[in-house]
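> Take a look and give me a structure for this.
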Amino acid sequence: MARSPRSAAVSKPLHSTSGRASAVFVWLFAGALLALVASGRWPVWLALGYLLLSLATFMVYAWDKRAARRQAWRIQESTLHLLALLGGWPGALCAQRWLRHKSSKGSFQWVFWLTVVVNMLALLLLSRHGFLPAEWELLIR
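This is a model prediction of the structure:
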């Protein structure tokens, strides 16, 4: 008896090695971010920004997954990549693993990981040269 595509998808293990590695990567990033904020080296708004963007990105992935199942209007991949680039990549990575959405499409994954690298490079660059102009820093503090 042949399996339906749905039952084949359900029988796959939920937590693969790459899924565990992704979770560890997100937890390491979150821990480092929180440690740098707690030490006063990075501003609190940065951690809040990553958190809010990650939550929003996760919800957009969930919406797109639901739309895919219903064969309804979908979110453009460029929008998903933009959200990841702006700082929502931890939420995108969690959604890819937990919702099993956009996790096996090679071309999407290639661009996704490029957005993660660019985001992290931008974060490092900003941390070395100041997150905001000095005038803005005075207004916030």
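> which regions of the chain sit below the pLDDT cut-off?
Counting by pLDDT under 70, the chain has low-confidence residues at 1-19, 103, 131-141.
> Quick check: the gap between the residue nearest the centre of it and Arg70.
Centroid check for the chain by CA atoms, centre = their mean gives Trp89 as the closest residue, at 1.9 Å. Taking CB to CB, to the nearest Å as the measure, Trp89 falls 26 Å from Arg70. Where C-beta positions appear, they are placed from N, C-alpha and C, glycine not excepted.
> so the residue nearest to the centre of the chain makes contact with Val118?
No: when contacts are counted by CB atoms under 8 Å, Trp89 is not listed as touching Val118 (9.8 Å).
> Surely Ser54 is in contact with Pro90?
Yes: contact criterion CB under 8 Å: Ser54 and Pro90 qualify, at 4.5 Å.
> who touches both of those two?
When CB atoms under 8 Å, 6 or more residues apart in numbering defines a contact, no residue borders Ser54 and Pro90 alike.
> And what about Val118, helix, strand or coil?
Three-state assignment for Val118 (DSSP: H, G, I helix; E, B strand; the rest coil): helix.
> which outside residues touch the helix or strand containing Phe108?
Element membership for Phe108 (DSSP states H and E) is helix 106-129. Applying CB under 8 Å, 6+ apart, the external contacts of helix 106-129 come out as 36, 41-42, 77, 80-81, 84-87, 89, 92-93, 96, 102-103.
> go on, stretch 71-90?
Contacts of stretch 71-90 (CB under 8 Å, 6+ apart): 26, 29-30, 49-50, 53-54, 56-58, 60-61, 63-64, 66-68, 92, 102, 108, 111-112, 115-116, 118-119.
> Repeat the analysis, applying 7 Å as the threshold.
Stretch 71-90 is contacted by residues 26, 29-30, 49-50, 53-54, 56-57, 60-61, 63-64, 67-68, 92, 102, 108, 111-112, 115-116, 118-119 when judged by CB atoms under 7 Å, 6 or more residues apart in numbering.
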